[in-house]
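**Q** Structure, please.
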Amino acid sequence: MASEGTNFNMEAPQFYIPQRALAVFAHCDDVDFGCSGTVARWVEGGAHVTYCIVTDSGAGSNDPKVDLSDLVRVRQAEQRASARAVGVEDVRFFEGYQDGYLEPTLTLRREIARLIRQTRPNIVMTFDPELIITENYINHPDHHAVAMATTHAVFPSAGTRPIFPELLAEGLEPHNVNDVYFVLSHRNNLVVDIGAVIEKKLDALRCHATQIDEATLTMVKEWNANDGKEHGFAFAETFHVVHLHDAPPTE
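**A** Below is the predicted model of the structure:
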């Protein structure tokens, strides 16, 4: 049976809980599909987790009768409720990025680097920037854009003093992220047992009432069951983890 842990080869003996983590995703509900079970376990263990939603999530309906500006407000309220369902209170929404139009610009990279320096996470979670097309799925361009911008905000931007000197002028010193957890990856090297928190994850997803129905919940539960099956877990989330820096000594 494989287990979870810190050496990222699915064989470490214990579950790693960071002091601080930052999850950067494109739309309200992305984090809940991808990793809210792992987040729930981290929060239970005392971690402080920050969510960052980059776009306004205003393209989440094809109904011509829907007021899209109102949908933005509703979806943000859903995301806050969803975060609370797994114990996360710190939810940030970037402004000025329209759903469906996101590009991995220097401006976006700087905003994410700023947030990394502000929150100083041990772990950053985001989409895998390498995933674009599978046999039956085309990744949303916003997912790809936020993955690219976040990856290069982690390195080199957040930790390199000469990059974005305006952040130094704001009093934000460089910060090195220890690990990046990529979701929706073809090269997973970490499996996390979420069996004890699967209901928290489903409750978080239920908060996105404008987007998710019971059939979707069943689908997600099946995904997590399949991810856990070969490793001896009832439900699991999987990640491609890139280890960049060891944590400094703590008292």
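**Q** helix or strand for residue 96, which one?
**A** Assessed by DSSP states H and E, residue 96 sits outside every helix and strand.
**Q** for residue 108, that is, sorry about that
**A** Using DSSP H and E, residue 108 falls within helix 106-119.
**Q** could you say what helices and strands that helix packs with?
**A** On a contact count with 3 or more C-beta pairs under 8 Å, 6 or more residues apart in numbering; DSSP states H and E, helix 106-119 meets strand 20-25, strand 48-53, helix 141-152, helix 165-169. Every residue, glycine included, has its C-beta placed from N, CA and C.
**Q** Please repeat the previous calculation with a cut-off of 6 Å.
**A** Under the contact criterion of 3 or more C-beta pairs under 6 Å, 6 or more residues apart in numbering; DSSP states H and E, helix 106-119 touches helix 141-152.
**Q** Not counting the helix it packs on itself, show me its contacts.
**A** Under the criterion C-beta atoms under 6 Å, 6 or more residues apart in numbering, residues 24, 26, 54-55, 102-104, 108-109, 112, 126-127, 129 lie in contact with helix 141-152.
**Q** list the contacts for residue 88?
**A** 49, 51.
**Q** Could you give the backbone dihedrals for it?
**A** Dihedral angles of residue 88 (phi, psi; degrees, to the nearest 10) stand at phi -90, psi 130.
**Q** How much space separates it from residue 238?
**A** Relative to residue 238, residue 88 is positioned 21 Å away (C-beta to C-beta, to the nearest Å).
**Q** got a winner among the contacts of helix 141-152 for most neighbours?
**A** Highest neighbour count within the contacts of helix 141-152, by other C-beta atoms under 10 Å: residue 126, with 31 neighbours.
**Q** Average pLDDT for the host helix or strand of that residue, rounded please.
**A** Element membership for residue 126, per DSSP H and E: strand 123-127. Mean pLDDT, taken over the full extent of strand 123-127, equals 98.
**Q** how far away is residue 91 from residue 44?
**A** 18 Å.
**Q** one step back: turn the contacts of helix 141-152 into a markdown table, columns for distance to residue 81.
**A** Output for the contacts of helix 141-152, formatted as a markdown table (distance: C-beta to C-beta, whole Å):
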| residue | distance to residue 81 |
| --- | --- |
| 24 | 20 |
| 26 | 19 |
| 54 | 19 |
| 55 | 19 |
| 102 | 24 |
| 103 | 29 |
| 104 | 29 |
| 108 | 26 |
| 109 | 30 |
| 112 | 24 |
| 126 | 22 |
| 127 | 23 |
| 129 | 29 |
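**Q** Pick out the most distant pair among those.
**A** Using C-beta to C-beta, the contacts of helix 141-152 reach their maximum pairwise distance at 55 and 129, which is 16.6 Å.
**Q** buried set for stretch 130-147?
**A** 130, 131, 139, 140, 142, 143, 144, 145, 146, 147 (16 or more other C-beta atoms under 10 Å).
**Q** What is the neighbour count of residue 44?
**A** Neighbour tally, residue 44, other C-beta under 10 Å: 14.
**Q** For the closest residue to residue 33 other than its chain neighbours, report the pLDDT, please.
**A** Distance criterion C-beta to C-beta, 6 or more residues apart in numbering; nearest residue to residue 33, sequence neighbours excluded, is residue 220 at 6.4 Å. At residue 220, the pLDDT value in this model is 97.
**Q** other SSEs contacting the strand holding residue 126?
**A** Taking 3+ C-beta pairs under 6 Å, 6+ apart as the contact cut, strand 123-127 packs with strand 20-25, helix 141-152, strand 179-183.
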